[in-house]
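[1] Build me a model from this:
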Amino acid sequence: MQLLEAWMKTAWALKARYALQRSKRDDQAASKALQYIAQADLTSIEDQARLFYGSSISESNPLALFSIERPNQIIL
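    Residues are numbered from 1 along each chain as shown. You can find the predicted model right below:
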């Protein structure tokens, strides 16, 4: 799978997740999420987004590292 294709699949999956977050304000959120998932075409485990990180502090979990380096930017 090419890099751009992988990013597009991830973007559609994130868009579906966002649609579900809006389900209390949008009656069509669930059907939109299903459309976005179909657009993502996630057919195998290989289509999942993965974060790679190592054991040193400079290679630590990118989400935790972002939170440490930029406090009050996002709340996990």
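[2] mind checking the SS state of the most centrally placed residue in the chain?
    Centroid check for the chain by Cα atoms, centre = their mean gives residue 14 as the closest residue, at 4.4 Å. Secondary structure, DSSP: H, G, I helix; E, B strand; the rest coil: residue 14 is helix.
[3] Could you list the low-pLDDT ranges of this structure?
    Residue ranges of the chain with pLDDT under 70: 1, 57-58, 74-76.
[4] In it, which residue sits furthest out from the middle?
    For the chain, the residue at maximal distance from the C-alpha centroid (Cα atoms, centre = their mean) is residue 56, at 24.5 Å.
[5] Just the CA atoms of stretch 17-26, as CSV, please.
    What follows is stretch 17-26 as a C-alpha-only set of coordinates in CSV (Å, rounded to 0.1, in the frame of the first residue of the first chain):
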residue,chain,number,x,y,z
ARG,A,17,-14.9,8.7,14.5
TYR,A,18,-15.6,12.4,14.6
ALA,A,19,-19.1,11.8,13.1
LEU,A,20,-19.8,9.4,16.0
GLN,A,21,-18.6,12.0,18.5
ARG,A,22,-21.3,14.4,17.1
SER,A,23,-24.1,11.8,17.4
LYS,A,24,-25.9,13.7,20.2
ARG,A,25,-26.1,16.8,18.0
ASP,A,26,-26.6,15.2,14.6
